[in-house]
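K.L.:
What shape does this take:
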Amino acid sequence: MAYTQLAEPDRIRIGLLKQQGKTLEDIGIVVGRNRSTISRELRRNNTGRQYSCERAHKLAIKRKSQAASQERMPEDVKVLVIEKTLLQWSPEQISNRLALEHDMKVSHEYIYQLIYKDKAAGGSLFLNLRWQRSKRKKRAGSKDRRGQIPNRVSIEQRPTMIDERSRLGDTEGDLVLGGQEEGKTCTLVDRKSRFTVIEYLAFKTAIETAEALEKAIARFLTMVWSITLDNGKEFSLHEKITEKTGIPIFFAHAYSSYERGTNENTNGLIRQYLPKGYDFSTITRKQLDLIEDRLNNRPRKVLGYRTPLEVHTDVEIQYFKIA
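P.N.:
Alright, predicted model coming up:
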């Protein structure tokens, strides 16, 4: 049987059955829909704890009208959507940025439809979507076999204000490894703005890691006040870095990547451009500059769809209408 959308009589029956205390399964049998359809209808149209069939039907009509208006999206807006997709912005980022900059309502579902219509026609826009993959996590309590870093300062001693993300310059750092460990990149990410700097190093030695981290610090747009690292032995020269730069360095607990969540998330974004198995020894500075530019100029949900660069440099978003 072909699927048809819920009509007003269906919603009246759902409302009455809900008031009678019927289960989702019971309501679904009476209305002739599956449990998930009933659950979605109740969830998206509840006002507090009460389901209003009249309000639900009005909202459904409104959503249908909005969807129809989006199908008539002007060509110049489609061009803008495609342009941002090619910059690897997600449909959600594009949707919310259009609302922020142009006061336009374009749902991310519609943008997905646009991308997959292009795919069906033989296009390649879909290749710019970022795929989510499950991550293999180490078991809690696993023994740290990487050795101890001399005189490491635990994250427990880090000032509480750093947790608040209230100032620019409190950063997190890490290495991203290439295939067969052929080359690495050192990343330094601001906890407040998510502004990111990337440096290349050929070998995972403490000396080269320290040099790469110092280069990243020098290229940061603002003062760096603190750095939080993981427990890799490559960071064993942390005292020399602090002595040279005056920046205190703190270390997260072993196998507690959530304590450096900003950096872990950023490294995941970098993997979109430098996937696992990629030969990092071929990377050029121009490539790293491009990745930095993409990451720092991509709107983030956590930043209210401002970009890391806008937050880091305190740039106000300019609003204007698309002609």
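K.L.:
Could you use CA atoms for every contact and neighbour count after this?
P.N.:
Will do.
K.L.:
who are the neighbours in contact with the residue nearest to R194 when sequence neighbours are not counted?
P.N.:
Spatial nearest neighbour of R194, excluding adjacent residues (C-alpha to C-alpha, 6 or more residues apart in numbering): P308 at 5.3 Å. Contacts here follow C-alpha atoms under 8 Å, 6 or more residues apart in numbering; on that basis P308 touches S193, R194, F195, L295, N296, N297, R298, P299, R300.
K.L.:
How many residues are close by I38?
P.N.:
I38 sits with 21 neighbouring residues when counted by other C-alpha atoms under 10 Å.
K.L.:
Look up how far S52 lies from it.
P.N.:
As judged by C-alpha to C-alpha, to the nearest Å, I38 and S52 stand 14 Å apart.
K.L.:
what do you get for L6?
P.N.:
As for L6, its distance to S52 is 14 Å (criterion: C-alpha to C-alpha).
K.L.:
Just the C-alphas of the one helix or strand E199 maps to, formatted as CSV.
P.N.:
For E199, the host element (DSSP states H and E) is strand 196-201. C-alpha atoms of strand 196-201 as CSV (Å, rounded to 0.1, in the frame of the first residue of the first chain):
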residue,chain,number,x,y,z
THR,A,196,43.1,25.7,14.4
VAL,A,197,46.7,25.8,13.3
ILE,A,198,48.4,22.8,11.7
GLU,A,199,52.1,22.1,11.4
TYR,A,200,53.9,19.3,9.6
LEU,A,201,56.7,17.1,11.1
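K.L.:
Report the distance from that strand to the chain centre.
P.N.:
For strand 196-201, the distance from its own C-alpha centre to the chain's C-alpha centre is 19 Å (C-alpha atoms, centre = their mean, to the nearest Å).
K.L.:
other SSEs contacting that strand?
P.N.:
strand 184-190, helix 206-219, helix 285-296 (3 or more C-alpha pairs under 8 Å, 6 or more residues apart in numbering; DSSP states H and E).
K.L.:
10 Å instead?
P.N.:
Applying 3 or more C-alpha pairs under 10 Å, 6 or more residues apart in numbering; DSSP states H and E, we find strand 196-201 packed against strand 170-177, strand 184-190, helix 206-219, helix 261-270, helix 285-296.
K.L.:
That one pairs with which strands, parallel or anti?
P.N.:
On the basis of DSSP bridges, the sheet neighbours of strand 196-201 come out as strand 184-190 (antiparallel).
K.L.:
So what angle separates the directions of the strand it pairs with and strand 170-177?
P.N.:
160 degrees (axes from the mean of the first three to the mean of the last three C-alpha atoms, to 10 degrees).
K.L.:
what about strand 184-190, average pLDDT?
P.N.:
The average of the pLDDT scores along strand 184-190 is 94.
K.L.:
which residues does G15 contact?
P.N.:
Residues near G15 by C-alpha atoms under 10 Å, 6 or more residues apart in numbering: P9, I27, L42, Q50, Y51, S52, C53, E54, A56.
K.L.:
all helices of this structure, in order?
P.N.:
8-19, 24-31, 35-45, 53-71, 75-85, 91-102, 108-120, 160-163, 206-219, 238-245, 261-270, 285-296, 308-312 (DSSP state H).
K.L.:
and the third one, which residues are buried?
P.N.:
So that's helix 35-45. Along helix 35-45, these residues count as buried under the neighbour rule (16 or more other C-alpha atoms under 10 Å): R35, I38, E41, L42, N45.
K.L.:
what's the farthest-apart pair in the residues you listed?
P.N.:
R35 and N45 (15.7 Å; C-alpha to C-alpha).
K.L.:
returning to what we had before: okay if I get the contacts of P308 as JSON lines plus neighbour count?
P.N.:
Shown next, in JSON lines, are those (neighbours: other C-alpha atoms under 10 Å):
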{"residue": "S193", "neighbour count": "28"}
{"residue": "R194", "neighbour count": "26"}
{"residue": "F195", "neighbour count": "27"}
{"residue": "L295", "neighbour count": "24"}
{"residue": "N296", "neighbour count": "21"}
{"residue": "N297", "neighbour count": "17"}
{"residue": "R298", "neighbour count": "23"}
{"residue": "P299", "neighbour count": "23"}
{"residue": "R300", "neighbour count": "22"}
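K.L.:
Just the terminal-to-terminal distance for stretch 157-174.
P.N.:
OK, stretch 157-174 end separation, C-alpha to C-alpha: 20 Å.
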